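Peer 1: here is my input, please return the structure:
(one chain, ligands or ions: 1)
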Amino acid sequence: DTSAETEGDTEEASSEKLVIGFSQVGAESEWRTANTESMKAAITDAGHELKFSDAQQKQENQIKAIRSFIAQKVDAIVFSPVVETGFETVLQEAKDADIPVFLADRSVDIEDDSLWVTFLGSDFVEEGRKAGNWLVDELGDEDEVNIVELQGTVGSAPAIDRKEGFEEIIGDHSNFEITQSQSGDFTRAKGKEVMEAFLKSDGDNIDVLYAHNDDMAIGAIQAIEEYGLKPAEDITIIGVDAVKGAFEAMAAGKMNVTIECNPLFGPQMVDLIEAYKAGEEIPKRVAVEESMYTMDQAEELLPTRQY
Ligand code: AHR
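Peer 2: From the prediction side, this is the model:
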């Protein structure tokens with residue numbers, strides 16, 4: 001009961017009821033849905049008020065949402081930027097209004113890091129490296145490995161970083177080549193559509209699909225089957241996120257590996273906001289811990305997956 005709080009008591013100050021505005025990217029993937037649920041539940045379970053806005057993957061919607069949070073004088077803004085650039089002005093407006101901004105999941109490419117308190121999210125470059133290293137271990141001895149890449153949303157941190165990390169590893173192996181690469185916008189429908197185009201142009205020469213998320217991989221698996229090839233056998237399939245859908249595909253023998261990107265950091269975010277409000281020093285970067293799962297682990301782990 002916040003009405004019982006007394007001034008100067010830090011224990012109680014940190015449990016002050018806050019109004020938190022959360023500008024989410026959209027609802028483009030299984031990952032995103034799990035992340036939205038985690039964040040909403042953590043904020044409301046902690047007794048805070050949530051103002052939620054879904055940007056439907058559009059930057060202009062996020063800028064509008066943040067301006068509306070500022071106008072409503074919220075106590076804190078949680079923000080998952082659709083793309084990395086173009087948010088300076090609105091973040092400066094939040095700073096001028098003395099409203100702290102917490103970056104969730106995706107970061108921004110902005111020099112002035114006083115525009116946000118902290119960035120809590122995964123290391124996407126490292127995820128790309130994990131995908132590359134797995135592939136090198138798996139197919140490093142082959143003479144020629146032709147890879148098609150389904151990139152995430154153009155200009156988004158996970159698309160840029162997952163590409164960079166993957167290329168960093170395979171760049172050291174002259175037998176690996178990315179032959180086709182295009183954005184599937186992190187959705188199943190687009191993943192399927194772009195994979196159909198890849199197959200149409202060079203279907204007999206694709207050895208590997210590297211998809212920047214599982215949803216696009218799952219869409220692509222459908223395209224591969226419709227084309228008459230066997231996913232995971234004729235074409236090695238790598239995804240990112242480790243959502244249930246990927247475990248189901250792996251358990252069915254249709255996908256080879258998924259690199260974990262954990263969306264369940266709502267409670268960690270609320271802890272950071274409360275700690276900041278209680279005057280504690282907050283690190284500028286907080287990482288989410290994650291792993292990697294292969295086909296042979298899928299059946300055993302599927303029942304315990306939480307997203
Ligand atoms: O920013 C995280 C990425 O966004 C997830 O990997 C993807 O599924 C989502 O759409």
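Peer 1: separation between the closest residue to Ser183 other than its chain neighbours and Ile160?
Peer 2: Closest residue to Ser183 apart from its sequence neighbours, by C-beta to C-beta, 6 or more residues apart in numbering: Gln151 at 4.5 Å. C-betas here are computed from N, CA, C, even on glycine. In this structure, Gln151 and Ile160 are 9 Å apart, going by C-beta to C-beta, to the nearest Å.
Peer 1: for stretch 171-179, measure first residue to last.
Peer 2: With C-alpha to C-alpha, to the nearest Å as the measure, stretch 171-179 spans 13 Å from end to end.
Peer 1: likewise for stretch 89-109?
Peer 2: So stretch 89-109: terminal residues 13 Å apart, C-alpha to C-alpha.
Peer 1: try stretch 234-252
Peer 2: Stretch 234-252: ends 15 Å apart by C-alpha to C-alpha.
Peer 1: what of stretch 146-161?
Peer 2: Termini of stretch 146-161 sit 21 Å apart (C-alpha to C-alpha).
Peer 1: buried sites along it?
Peer 2: 146-153, 155-161 (16 or more other C-beta atoms under 10 Å).
Peer 1: what of stretch 101-112?
Peer 2: Here stretch 101-112 shows Val101, Phe102, Leu103, Ala104, Asp105, Arg106, Ser107, Val108, Ile110 as buried, counting by 16+ other C-beta under 10 Å.
Peer 1: quick one: name the residues of the chain near the ligand.
Peer 2: Neighbours of the ligand within the chain, by C-beta under 6 Å from any ligand atom: 28-29, 31-32, 105-106, 158, 186, 213, 215, 240-241, 261.
Peer 1: could you dump these into a markdown table with distance to Asp172 added?
Peer 2: Converted to a markdown table, those look like this (distance: C-beta to C-beta, whole Å):
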| residue | distance to Asp172 |
| --- | --- |
| Glu28 | 32 |
| Ser29 | 30 |
| Trp31 | 29 |
| Arg32 | 33 |
| Asp105 | 29 |
| Arg106 | 28 |
| Pro158 | 23 |
| Phe186 | 28 |
| Asn213 | 25 |
| Asp215 | 29 |
| Val240 | 21 |
| Asp241 | 26 |
| Cys261 | 24 |
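Peer 1: out of those, which are inside helices?
Peer 2: Trp31, Arg32, Pro158, Asp215 (DSSP state H).
Peer 1: next, count neighbours for the residue of the stretch 51-200 of the chain found nearest the ligand.
Peer 2: As assessed by C-beta to the nearest ligand atom, the ligand sits closest to Phe186 within the stretch 51-200 of the chain, at 3.7 Å. Neighbour count of Phe186, defined by other C-beta atoms under 10 Å: 29.
Peer 1: low-confidence regions, the stretch 201-307 of the chain specifically.
Peer 2: Within the stretch 201-307 of the chain, no stretch has pLDDT under 70.
Peer 1: give me every residue that touches Leu50.
Peer 2: By C-beta atoms under 8 Å, 6 or more residues apart in numbering, the residues touching Leu50 are Ile20, Phe22, Lys40, Ile43, Thr44.
Peer 1: just the buried residues out of these, in PyMOL syntax.
Peer 2: Burial among the contacts of Leu50 is assessed by 16+ other C-beta under 10 Å; the matching PyMOL selection reads:
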select buried, resi 20+22+43
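Peer 1: now go through the contacts of Leu50 and say which are in strands.
Peer 2: Taking DSSP state E, the ones among the contacts of Leu50 that sit in strands are Ile20, Phe22.
Peer 1: out of the contacts of Leu50, which is nearest to Leu91?
Peer 2: Of all these, Phe22 has the smallest distance to Leu91: 15.4 Å, by C-beta to C-beta.
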